[in-house]
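Asks: fold the following for me, if possible:
(2 chains)
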Amino acid sequence: MRDVAIVGVGHSRFGNRYDVRIDELAWEAVREALKDAELSAKDMEFLVVGCTGGWSAESLPAVICSEYCGTLPKGSMRVEAACATGSAAVAVAYNLVASGYVDLVLVLGVEKMYESPGPVQIELIGRAGNYFWEFENFGMTFPAYYALHATGYMWKHGLKEEDLAQIAVKNHFYASMNPKAQFKKKIVVDTVMGSRYIAWPLKLFDCCPLTDGSAALILASESVARKITDTPVWISAIGASTGTGNLSKRDMFLNLEYSGLESAVEAARQAYKRAGIDYNNAAKHFDVACVHDCFTIAELMAYEDLGFCKRGEGLKLIREKQTYNGGLIPVNIDGGLKAKGHPIGATGCSMMYSLVKQLRQEYRELAGREAQATIRKGRALAHNIGGTGHYAYVTILSLEKPHK
Amino acid sequence: MSDLAKKSIKEKGLPLIEEPKTKLPLYISLRELSLRYHFGTAKIQTFFEGLKEGKVYMTRCRKCDEKFFPPQADCPKCLESDMEWIPLSGEGELLTCTMITVKPSTFAHYDNYIVGIAQMKEGVRVLAWLQIDDPRKIKPKMKVRLTTVRREPEHFITYEFAPM
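Replies: Here you go, the predicted structure:
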């Protein structure tokens, strides 16, 4: 296997993007990535598109975006792993380069959710479990799946709704500095506590918004990467795992004394093993992390699933502000899904956009000094979950080349 | 939206509207799609026969003793398809729950509903609605009973929990 580096990144403005079609939205990120790498679309040898779709008109987004972005006639495909689609697309592209099949791959995460009305989007995401046994008769929604985890956590660890609110406050705080974020306003605990219930105990401000957005990454083999940039950001390791479709079959969250996502733990263990990182002391290996905070409870579980703290101690991390910039490990200091926005198929690529900018110490130019992590270890982590732990991807980025 | 589009065609000849919030122009597709799926039940027909008799069935692999709910006909562990169909006693313990207040479009006609997961006596867990007069009475690990019920207004048979 060859080493693979990210040599160019781009990101659209996130939000309700009624001003553009899906291919126009894709172009915003692709153009920025090409400019960042000083390459042209014709240099790309393959296009991997992460797009979950269903709510938008185009059935073949990989083709539509290839045409608009000028990568024709190179090969393309669409990849789907629910909300982890972006990371799955990176995993596919990584293997295309690592295997020696091609040297330069464009990865595009793009989602146009607002082409359908809100209740239809809620319906389609609610079907993302085991259809007959969870949706057809019982009308599960995406917030409800995570609410089941939140209730379980409350019953086991004495979690309070106010604790979850602290996570929303942090992520809105950092989104307020990110010019690409959907939400620009800082909030306080009372903002969350005063918002209406969506799926008890989760309230409106515990939930990420529905989002249109795109993010693009250019992946290159070592020899090509060296010609393009002096600061390649290497893909050090990828871990991936799949959880049961039925939430009722999750042993870890339902049987034992703690809450969490088995698939996320498994993906983290795989990635850490490949990168030589100790699971029990994981936080000290990273300068910054983006974790999948589609709901506040999801970020809390991520702290524990990733080994940033012991089981049941995630609460301590947020109460002591250890996941703010300057703390034990800065988490989602780009605003996270919660406040930056969550365009399903683009989110994984968006996480890696933020982390590449952080590692290159360019994030300060985008969002200011307060949101630039101090880079000492040269390593960053993206934790991207599809569904409610149905898919889990953990990707480790590093300034150091994986194989000497 | 579609009424707006119709009005717009009448006035301007195109289904172009001004999106109320952003004031941006939107083209409203005239091709409305209605989707309704159908899927085969032949391998787990016993489950549906059971519902008609007031029973909720699980399956157990006769070779390796693996238990399944939702019931399935094939055992991926030992590659056999020799299942015993076992009706659940209905006795369970509530492990977690939520109340859904923002509903999917096809569930908009129901009142707010509570979904719970319970550990059943037989060793499997079940996800279903929990009928309870006051959600404040819900307690961790409370005893619940699973029974078949008619869901209104459709009047179809399904199963749900109620406090013991």
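
Asks: low-confidence stretches in the chain?
Replies: In the absence of a named chain, this looks at chain A. Applying pLDDT under 70 to chain A flags residues A:256-258.

Asks: look at chain B instead
Replies: Those would be B:1, if you go by pLDDT under 70 across chain B.

Asks: now with 90, please.
Replies: Counting by pLDDT under 90, chain B has low-confidence residues at B:1-6, B:20-21, B:32-35.

Asks: quick one: contacts for the residue nearest the centre of chain A?
Replies: Nearest to the mean C-alpha position of chain A, by C-alpha atoms, centre = their mean, lies A:Gly348 at 3.7 Å. Neighbouring residues of A:Gly348 by C-beta atoms under 8 Å, 6 or more residues apart in numbering or on different chains: A:50, A:84-90, A:109, A:382, A:384, A:393, A:395. Bear in mind the C-beta positions are built from the backbone N, C-alpha and C, glycine included.

Asks: helix/strand/coil for it?
Replies: Under the three-state scheme (DSSP: H, G, I helix; E, B strand; the rest coil), A:Gly348 adopts helix.

Asks: and it, how close does it get to chain B?
Replies: 25 Å (C-beta to the nearest C-beta, to the nearest Å).

Asks: give me the buried positions along the longest helix along chain B.
Replies: Of all segments of type helix in chain B, defined using DSSP state H, the longest is helix B:2-12. In terms of neighbour count (16 or more other C-beta atoms under 10 Å in any protein chain shown), helix B:2-12 has its buried residues at B:4-5, B:8.

Asks: now render these as TSV, adding distance to chain A.
Replies: Formatted as TSV, the buried residues of helix B:2-12 follow (distance: C-beta to the nearest C-beta, whole Å):
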residue	distance to chain A
B:Leu4	13
B:Ala5	13
B:Ser8	16
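
Asks: and residue 83, its phi and psi?
Replies: Since you didn't name a chain, this refers to chain A. Dihedral pair for A:Cys83: phi -70, psi -10, per degrees, to the nearest 10.

Asks: ah, I was thinking of chain B
Replies: Torsion angles, degrees, to the nearest 10, at B:Met83: phi -110, psi 140.

Asks: which one is it nearest to, not counting chain neighbours?
Replies: Distance criterion C-beta to C-beta, 6 or more residues apart in numbering or on different chains; nearest residue to B:Met83, sequence neighbours excluded, is B:Thr59 at 4.2 Å.

Asks: also A:Gly307?
Replies: Per C-beta to C-beta, 6+ apart, closest to A:Gly307 is A:Ala282, 3.9 Å.

Asks: quick one: secondary structure of that neighbour?
Replies: When the rule is three-state DSSP, A:Ala282 gets the label helix.

Asks: B:Trp129 now?
Replies: Three-state call for B:Trp129 (three-state DSSP): strand.

Asks: what ranges does chain B have for its helices?
Replies: B:2-12, B:45-52.

Asks: looking at these, which is closest to A:Lys340?
Replies: helix B:2-12 (31.4 Å; C-beta to C-beta).

Asks: from B:Met120, how far off is the residue nearest the centre of chain B?
Replies: Compute the mean C-alpha point of chain B, and by C-alpha atoms, centre = their mean the closest residue is B:Ala128, 7.2 Å away. Noted for B:Ala128: a distance of 11 Å to B:Met120, by C-beta to C-beta, to the nearest Å.

Asks: need the overlap of contacts for those two.
Replies: B:Leu146.

Asks: surely A:Phe308 meets A:Lys284?
Replies: No: with contacts counted by C-beta atoms under 8 Å, A:Phe308 stays clear of A:Lys284, the gap being 9.4 Å.

Asks: up against chain A, what does chain B have?
Replies: B:1, B:19, B:21-22, B:24, B:26, B:29, B:39, B:69-70, B:95-108, B:110, B:113, B:115, B:117, B:119, B:124-129, B:135, B:140, B:151, B:158 (C-beta under 8 Å from any C-beta of the partner chain).

Asks: could you tell me which of those count as buried?
Replies: B:26, B:69-70, B:95-107, B:113, B:115, B:117, B:119, B:124-129, B:158.

Asks: domain ranges for chain B?
Replies: B:1-33, B:39-87, B:90-164 (automatic domain parsing).
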